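In: Okay, predicted coordinates and the sequence, questions at the end:
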Amino acid sequence: MSKTENEKNRIQDEFDQIQSENSDFDISKHLAKPEDLPDLGEIEIYDYDADMTVSSQQSMEVLESLVDLYLGDVPKLKEHPYIMNKMKEDATVYAEALFLAKMTRKNFLNQLRQVDNGDNSARMHEVVNQTIGQIRENSKFLSGQRTELEKFYKNLRNDLGYTEITPDSKMEEDENTEGDVMDNRKLNDLIKNAMLSKDDKKN
């Protein structure tokens, strides 16, 4: 019998001996019972798909209102296949930016909870500060993206020869009834006329 086989047999014998000596060992006596464990609360699984759907809806609302603002008075242009495809594409990009901004905010809140739970290491504070910077960058990117979209549709309108946006009749009516700004001179004249008419009635 070779040296390797002897060693193999020795190990097997030791293993068999350990098993036979602990055949009556009840591991259940050494495990924690459910009632001994702390209440960890309900585990919530975050619905990322639902959040992405909300971001897509918000983005589409922004793009639809933007296109309606600049091209709403030109139905043929608004319903052109290129404009409709461009709007959907822009909405997708904007939705992804919104989603990333939400996820960064969610991540930031989780980091703050970790700090509240006692993780006050220098590395943790560094991560929190980095996330704050990322949140600022996300806000700046979203604002810039919206501005670029506004420029595109405004320039497109101008390039196609539609320079003035025709306001809705309702907007014109609101501006005429509530949008007038009265200067001090006009207000003084109204007060003066009201007082004169009051004196005339007395006489």
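Out: Thanks, I have the structure now. Numbers count the residues shown, from 1 in each chain.

In: middle-most residue in the chain, spatially?
Out: The chain has residue 102 as the residue nearest its centroid, 3.5 Å off, counting by Cα atoms, centre = their mean.

In: any idea which element that one lies in?
Out: Following DSSP states H and E, one finds residue 102 within helix 81-116.

In: immediately after that helix, which helix or strand?
Out: On the C-terminal side of helix 81-116, the closest following helix or strand by DSSP H and E is helix 122-159.

In: Taking helix 81-116 as reference, get the angle to that next one.
Out: Direction vectors for helix 122-159 and helix 81-116, defined by axes from the mean of the first three to the mean of the last three Cα atoms, to 10 degrees, enclose an angle of 160 degrees.

In: ok, then the element right after whatever helix or strand residue 16 lives in?
Out: Counting by DSSP H and E, the element that carries residue 16 is helix 3-21. On the C-terminal side of helix 3-21, the closest following helix or strand by DSSP H and E is helix 48-71.

In: which strands and helices sit next to that next one?
Out: The helices and strands touching helix 48-71, judged by 3 or more Cβ pairs under 8 Å, 6 or more residues apart in numbering; DSSP states H and E, are helix 75-78, helix 81-116, helix 122-159. (Each C-beta comes from the backbone N, C-alpha and C, glycine too.)

In: Which of those helices has the lowest mean pLDDT?
Out: With a mean of 83, helix 75-78 has the lowest mean pLDDT of these.

In: For that helix, buried residues please.
Out: Taking 16 or more other Cβ atoms under 10 Å as the neighbour-count basis, helix 75-78 is seen to contain the buried residues 77, 78.
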